[in-house]
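Participant: got a structure for you, letters missing:
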C-alpha cells in the first residue's frame, strides 16, 4: 500500500517558521512530482509548491515565494516544506501529494493526510 505521512504542523506566531515533512512508503518520491497543497476553512484547496520528478525543478505559488522552500531527500524518501516568515493567512491544513503520468497514459495520484498549520497574529 502507498502511504504519504505528513507531519510538522503546529501553532506558531506570525514571523515564525515550521518545517513540514512528507514521508512516503510504497512509492519512490524521486519518480513522482510532489506537491504541497493547503486548504483554509471555507476556501478551496490550493497548490502551494511543487518539486518535479525529472529534474527537481521547484515551483511556488506567488504568495509564498521567497518564504517557503520545497526540497526532497531521496535517501529518506521524504519531501519537506520549509516555511519561514509565516503569516496568519498561511493558516490552513497542508497536504502532500505525489503524482506521475506514465508514458502509457496512466495517472498515479497519491495524497497524504493533512497537517494543521496555525499562525497567530
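Facilitator: Yep, that arrived. Note that the structure is a prediction, hence the values are computed from the model and not measured.

Participant: report the buried residues of the lengthiest strand in the chain.
Facilitator: With secondary structure taken from DSSP state E, the chain has its longest strand at strand 92-101. In terms of neighbour count (16 or more other Cβ atoms under 10 Å), strand 92-101 has its buried residues at 92, 93, 94, 95, 96, 97, 98, 100. Glycine gets a C-beta too; all of them are placed from N, C-alpha and C.

Participant: swap in stretch 96-115?
Facilitator: 96, 97, 98, 100, 110, 112, 114, 115.

Participant: so the first one bridges to which residues?
Facilitator: With DSSP bridges as the criterion, residue 96 is bridged to residue 36.

Participant: pull the contacting residues for it.
Facilitator: 4, 6, 20, 22, 34, 35, 36, 37, 79, 111, 112 (Cβ atoms under 8 Å, 6 or more residues apart in numbering).

Participant: can we see that at 10 Å?
Facilitator: 4-7, 20-24, 29, 34-37, 78-81, 110-115 (Cβ atoms under 10 Å, 6 or more residues apart in numbering).

Participant: same thing with the fourth one?
Facilitator: Contacts were defined as Cβ under 10 Å, 6+ apart; by that measure residue 100 touches 27, 31, 32, 33, 34, 53, 54, 106, 107, 108, 109, 110.

Participant: from these, which has minimum pLDDT?
Facilitator: Among these, residue 54 has the lowest pLDDT, at 78.

Participant: for the spatially most central residue of the chain, list the residues it contacts.
Facilitator: Centroid-nearest residue in the chain, with Cα atoms, centre = their mean: residue 36, separated by 2.4 Å. Residue 36 makes contact with 6, 20, 22, 47-51, 60-61, 64, 68, 70, 79-81, 83, 94-97, 112, according to Cβ under 10 Å, 6+ apart.
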